[in-house]
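**Student:** Sequence first, then the predicted structure:
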Amino acid sequence: MEYWTVHTAPEPIKIYGPLERSDLPGLYGRVCQALGAVAGRTVVCDVRGIAGDAVAAEALCRLQLGARHWGCKVRLRNADERLLEIVSFMGLDDVIGPELRVEVQR
């Protein structure tokens with residue numbers, strides 16, 4: 001089972017995959033609740049091993065939407081090149097935003 005980890009205080013949020021489109025509304029609500037507790041901060045989303053597909057791209061867009069609502073910035077950690085390519089291919093670079101930075105954990 002794959003999972004994303006969104007590092008918020010005090011506990012990280014684990015988002016298990018594979019994600020289905022029907023999972024996204026509940027996921028958005030859960031993530032927004034956690035982001036509200038860390039409003040204005042930078043959160044790190046470790047997406048190691050997450051498939052580069054349309055559902056993952058939509059989940060990232062929803063994460064960014066919630067982050068903007070709460071004044072947070074999102075950093076992706078360990079994003080697979082395919083995931084970044086699908087985001088770009090779908091024309092969602094602007095939706096996710098230039099403030100989304102990609103880190104590679106060493």
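**Tutor:** Received, thanks.

**Student:** Mind jotting down where the helices sit in the chain?
**Tutor:** 24-36, 54-69, 81-89, 93-96 (DSSP state H).

**Student:** Just say which of those is most tucked in.
**Tutor:** helix 54-69 (a mean of 20; mean count of other CB atoms under 10 Å). From N, CA and C alone the C-beta is placed, and that goes for glycine too.

**Student:** can you give me the angle that one makes with helix 24-36?
**Tutor:** Interaxial angle, helix 54-69 versus helix 24-36 (axes from the mean of the first three to the mean of the last three CA atoms, to 10 degrees): 30 degrees.

**Student:** Residue 54 versus residue 92, what's the distance?
**Tutor:** Computed as CB to CB, to the nearest Å, the residue 92 to residue 54 distance reads 10 Å.

**Student:** what residue ranges in this structure are flagged as low confidence?
**Tutor:** Residue ranges of the chain with pLDDT under 70: 1-2, 10, 95-106.

**Student:** so what's the residue positioned nearest the centre of it up against?
**Tutor:** By CA atoms, centre = their mean, the chain has its centre lying nearest to residue 60, at 4.0 Å. Neighbour list for residue 60: 45, 47, 76, 83, 87, 92, 96 [criterion: CB atoms under 8 Å, 6 or more residues apart in numbering].

**Student:** Let me see the contact set for the residue lying closest to residue 69 once chain neighbours are set aside.
**Tutor:** Leaving aside its sequence neighbours, residue 69 sits nearest to residue 32 (CB to CB, 6 or more residues apart in numbering; 6.8 Å). By CB under 8 Å, 6+ apart, the contact set of residue 32 is 66, 69-70.

**Student:** Dump those into TSV; add distance to residue 16 as well.
**Tutor:** Compiled in TSV, the contacts of residue 32 are given as follows (distance: CB to CB, whole Å):
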residue	distance to residue 16
66	18
69	23
70	23
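
**Student:** isn't residue 15 right next to residue 3, touching?
**Tutor:** Yes - using CB atoms under 8 Å, residue 15 is in contact with residue 3, at 6.0 Å.

**Student:** So between the two, which is more surrounded?
**Tutor:** The neighbour count for residue 15 versus residue 3, taken as other CB atoms under 10 Å, is higher for residue 15 (21 against 14).
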